[in-house]
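Enquirer: Prediction below, plus the sequence it came from.
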Amino acid sequence: MSSDALPETLAAPSAREHGPLWFAVQRFLENRAAVASGIFLVLLILAAIFAPLFTKPDPNAQDYLTKALAFPSAEFWFGVDDIGRDFFARIIYGARVSLSIGFLAALFSVLIGIPLGALAGYFGGWVDWLIMRIIELFSVVPPLLAAMLLGALTRGGFFTIILISALFGWVQVCLLVRAQVRAFREKEFVRAAQALGASPAYIIRRHLIPNSLSPIIVGFVLAIPLAMMLEASLSFLGIGVPPPTPSWGQMINTGLDFMFFYWHMAVFPTAALALTVLATTLFGDGLRDALDPTLKGR
């Protein structure tokens, strides 16, 4: 045996010792767009959490009325809005609103979609038929139009937007879980559990849902940008998060009145929303490709 072949032979057993999670992490790290998106999201989350440490603690304070509509400068990184508020502080605090709504709406979407998808995939038959008809009903209704109606009836608000987003976000999670459960319900470990007298609830809870974590994680991450876009759309229309709470949708709406003269009023909130939605989507795609490499277009 040559000296060059020895290290490769010795390295082979250690490579086989790595589990699926290790290979998933390696696949994710190979996706530069997903890694960059993850870094951006982490920095944005940290900025939103620790906003009072490096910006004004009150984003609604009208401390700069004499400098209203000032352009970005060393003193005001993102300029000043039309009523004398630090625009950088409002952008950062607006991230709190968008990210909170996105995460909470995605969480409720998962809590609705997991049990329905598991029931449809495991039992099939009329249970699957009923759940699929419900999914079709939600799929044909335009989310924005329904959200506008519900938002107008309830006058919007933080928790109303979360509820509306969850009502339309659970569909994709349900379909992902349903497909995964259908693929696993004929496996040997499920058959063995059935032969031992395990109840369907036990099999779903202990065997099928844990084996469906990959699509659940992907569905959770991909539901976040949808909720953020819905919140921004409703706030843009004036039926979302009520002022003076900072919201990127509100800022975009206000900025449109000044965009031809004071470009920073529209550019910065639009860029913040677009970059965050894009980063979340790319991060979710990277997770999907890493956790289930069969879905990659190779």
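Expert: Alright, I've got the coordinates. Numbers count the residues shown, from 1 in each chain.

Enquirer: In this structure residue 119 contacts residue 127, no?
Expert: Yes. Using C-beta atoms under 8 Å, residue 119 is in contact with residue 127, at 5.6 Å. Any C-beta I mention is one placed from the backbone N, CA and C, and that applies to glycine too.

Enquirer: any weak-confidence spans in the stretch 1-150 of the chain?
Expert: For the stretch 1-150 of the chain, the stretches with pLDDT under 70 are 1-20.

Enquirer: again, 90 this time
Expert: Judged by pLDDT under 90, the stretch 1-150 of the chain has its weakly predicted residues at 1-31, 51-70, 73-76, 79, 81-84, 97-98, 102, 124-125, 136-150.

Enquirer: Name the residues of stretch 257-265 that come out as buried.
Expert: Residues of stretch 257-265 classed as buried: 262, 264, 265 (neighbour count, 16 or more other C-beta atoms under 10 Å).

Enquirer: likewise stretch 183-191?
Expert: Judged by neighbour count (16+ other C-beta under 10 Å), stretch 183-191 contains these buried residues: 184, 185, 190.

Enquirer: And the contacts of it?
Expert: With contact meaning C-beta atoms under 8 Å, 6 or more residues apart in numbering, stretch 183-191 is reached by 121, 122, 203, 207, 208, 211, 212.

Enquirer: thinking again about what came up before, looking at residue 119 and residue 127, which has the bigger crowd around it?
Expert: The residue with more neighbours, out of residue 119 and residue 127, is residue 119; 21 against 14, by other C-beta atoms under 10 Å.

Enquirer: residues touching the more buried one, list them.
Expert: Residues near residue 119 by C-beta under 8 Å, 6+ apart: 127, 131, 204.

Enquirer: Which of the three states applies to the second one?
Expert: If I follow you right, that is residue 131. Assigned by DSSP: H, G, I helix; E, B strand; the rest coil, the conformation of residue 131 is helix.

Enquirer: Would you mind measuring from the closest residue to it other than its chain neighbours to residue 207?
Expert: The shortest distance from residue 131 to any non-neighbouring residue, by C-beta to C-beta, 6 or more residues apart in numbering, is to residue 120 (4.2 Å). Distance, residue 120 to residue 207, using C-beta to C-beta, to the nearest Å: 16 Å.

Enquirer: More neighbours: which of the two?
Expert: More crowded of residue 120 and residue 207, by other C-beta under 10 Å: residue 120, with 25 against 19.

Enquirer: list the contacts for that one?
Expert: Shown in contact with residue 120 (C-beta under 8 Å, 6+ apart): 127, 128, 131, 132, 174, 178, 181.

Enquirer: From those, pick the one nearest residue 251.
Expert: Closest approach between these and residue 251, by C-beta to C-beta: residue 174, at 33.7 Å.

Enquirer: quick one, helices of the stretch 151-298 of the chain?
Expert: Along the stretch 151-298 of the chain, the stretches classed as helices by DSSP state H, counting those that start in this stretch are 158-184, 188-195, 200-203, 213-237, 248-256, 264-291.

Enquirer: residues in contact with the residue most central in space within the chain?
Expert: Closest residue to the average C-alpha location of the chain: residue 224 at 1.9 Å, with C-alpha atoms, centre = their mean. Contact analysis of residue 224 by C-beta under 8 Å, 6+ apart lists 102, 103, 105, 106, 280, 284.

Enquirer: Around the third one, how many other residues sit close by?
Expert: Right, residue 105. Residues near residue 105, counting by other C-beta under 10 Å, number 27.

Enquirer: State the number of residues packed around residue 62.
Expert: When neighbours are counted by other C-beta under 10 Å, residue 62 registers 14.

Enquirer: so how many other residues sit close to the closest residue to it other than its chain neighbours?
Expert: Of all residues not flanking residue 62 in the chain, residue 84 sits nearest, at 4.3 Å (C-beta to C-beta, 6+ apart). Applying other C-beta under 10 Å, we find 16 residues neighbouring residue 84.

Enquirer: right, and the secondary structure at residue 84 would be what?
Expert: Once three-state DSSP is applied, residue 84 turns out coil.

Enquirer: what's it sitting at in phi/psi?
Expert: Backbone geometry at residue 84, expressed as degrees, to the nearest 10, gives phi 80, psi 30.

Enquirer: hang on, isn't it packed against residue 66?
Expert: Yes. With contact defined as C-beta under 8 Å, residue 84 reaches residue 66; the gap is 7.4 Å.

Enquirer: can you give me the strands for the stretch 1-150 of the chain?
Expert: For the stretch 1-150 of the chain, no strands turn up when DSSP state E, counting those that start in this stretch is the criterion.

Enquirer: filter the contacts of residue 120 to the buried ones?
Expert: For the contacts of residue 120, a burial check counting by 16+ other C-beta under 10 Å picks out 128, 131, 174, 178, 181.
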